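>>> need a 3D model of the sequence below.
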Amino acid sequence: MEAGALIIFALLVLFAFLGLGAWVTVKAVGAAKRGVDRTITQARRTVEDTTLKARSFGQVGVAGALAQLRLDLRTSMRATQQALYQGVQSDASLKESIALFERLSAHGHELDDELKRLEAEPDRRRIAEGLADLRERTAKITQAADSLRWAARDRARRFADDDLTALSEQIEMESGALRDWSRESVDDLAAAAAAWDAGVAGGTPPGAGAQRGAGAGAGAGAGTGTGTEGGGQSEPRPAALNPAAPTARHPWQKAPRPEATT
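Got it, this is the predicted structure:
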């Protein structure tokens, strides 16, 4: 029984690893295919744009006009798409603009396909008659795309200007606080230096007056506590240079008893 359970468990683990490997392989193949498709699409777009530029500059008449219309349409739509999809990453309100652009893009693709079919049309006279309408349709689409693109760019620039203004105000406040702090400390140092210079020039450096006053107070206290037997006052005794330190006694030590007189 135990051997059979181990075999079943090993088979389940093996199948799980095989399924995981298959899933990873499918994902890798799909990612590689999407990358290849994206590369092919970009290469085809680059070749087509280069061909349209060459036709618009090298050909005259209906063929050159059609190539120029296609080039203007594709350039405007691609620039607007890039601006909106990059801007929505930092501004979620552009999702509505992207929805409008998708609807406009459908009209743009329809017009581009029509212009592409007309390039192979042999009846140039009929194309020339409808060229004014094609220019008007192209202008409407490109103007709408340009309006969305510039509105998104103006919005992003406005947000950047507001952020920069707020940041500049905060920096000015912080700079003012730093200047006040540095000026106050410098003034204190200058005042201390001036007081020291004045004391040195007067012969009494700062702190000497306090020490002299403390010494005079100690001498006066010693003089009032002594006198002659005839009631006269004697000269104050000078204080000891190294007075004896009082004997330290711990709180738990008892005071010595006085000796008996009898």
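
>>> domain ranges for the protein?
Residue ranges for the domains of the chain, per automatic domain parsing: 1-58, 60-165.

>>> looking at those, which is buried most?
domain 60-165 (a mean of 15; mean count of other CB atoms under 10 Å). Every residue, glycine included, has its C-beta placed from N, CA and C.

>>> so which strand or helix has Glu48?
helix 2-58 (DSSP states H and E).

>>> could you list the low-pLDDT ranges of this structure?
1, 36-38, 41-42, 45, 49, 58, 60, 181-190, 200-262 (pLDDT under 70).

>>> could you redo the last one with a cut-off of 50?
210, 214, 216-232, 240-241, 248-254, 261-262 (pLDDT under 50).

>>> format the domains of the chain as JSON lines; extra columns: distance to Ala177.
Formatted as JSON lines, these follow (distance: least, CB to CB, whole Å):
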{"stretch": "domain 1-58", "distance to Ala177": "53"}
{"stretch": "domain 60-165", "distance to Ala177": "19"}
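
>>> would you map the helices across the protein?
In the chain, the helices defined using DSSP state H lie at 2-58, 62-87, 95-119, 124-129, 131-202, 208-224.

>>> isn't Glu119 up against Leu66?
Yes - here Glu119 reaches Leu66: they are 5.4 Å apart, a contact under CB atoms under 8 Å.

>>> sorry, back to before: so which elements touch the helix holding Glu48?
Packing partners of helix 2-58 (3 or more CB pairs under 8 Å, 6 or more residues apart in numbering; DSSP states H and E): helix 62-87.

>>> find residues that contact each of Glu119 and Leu66.
Counting by CB atoms under 8 Å, 6 or more residues apart in numbering, Glu119 and Leu66 have no contacts in common.

>>> count of neighbours near Gln170?
Neighbour count of Gln170, defined by other CB atoms under 10 Å: 10.

>>> distance check, it against Asp163.
From Gln170 over to Asp163 the distance is 11 Å, taken as CB to CB, to the nearest Å.

>>> can you check Gln81 too?
Here Gln81 is placed at a distance of 26 Å from Asp163 (CB to CB).

>>> I'd say Leu52 and Ala65 touch.
No - using CB under 8 Å, Leu52 makes no contact with Ala65, being 11.7 Å away.

>>> which one is His107 nearest to, not counting chain neighbours?
The spatially closest residue to His107, leaving aside those adjacent along the chain, is Ile141, at 5.8 Å (CB to CB, 6 or more residues apart in numbering).

>>> let me see the contact set for that neighbour.
If a contact means CB under 8 Å, 6+ apart, then Ile141 has 73, 76-77, 104, 107-108, 111 as its contacts.

>>> reformat those as CSV; add distance to Glu129.
Shown next, in CSV, are the contacts of Ile141 (distance: CB to CB, whole Å):
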residue, distance to Glu129
Leu73, 20
Ser76, 25
Met77, 26
Leu104, 27
His107, 22
Gly108, 23
Leu111, 17
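
>>> quick check: the two most widely separated of those residues?
Maximum pairwise distance in the contacts of Ile141, criterion CB to CB, is 12.4 Å, between Ser76 and His107.
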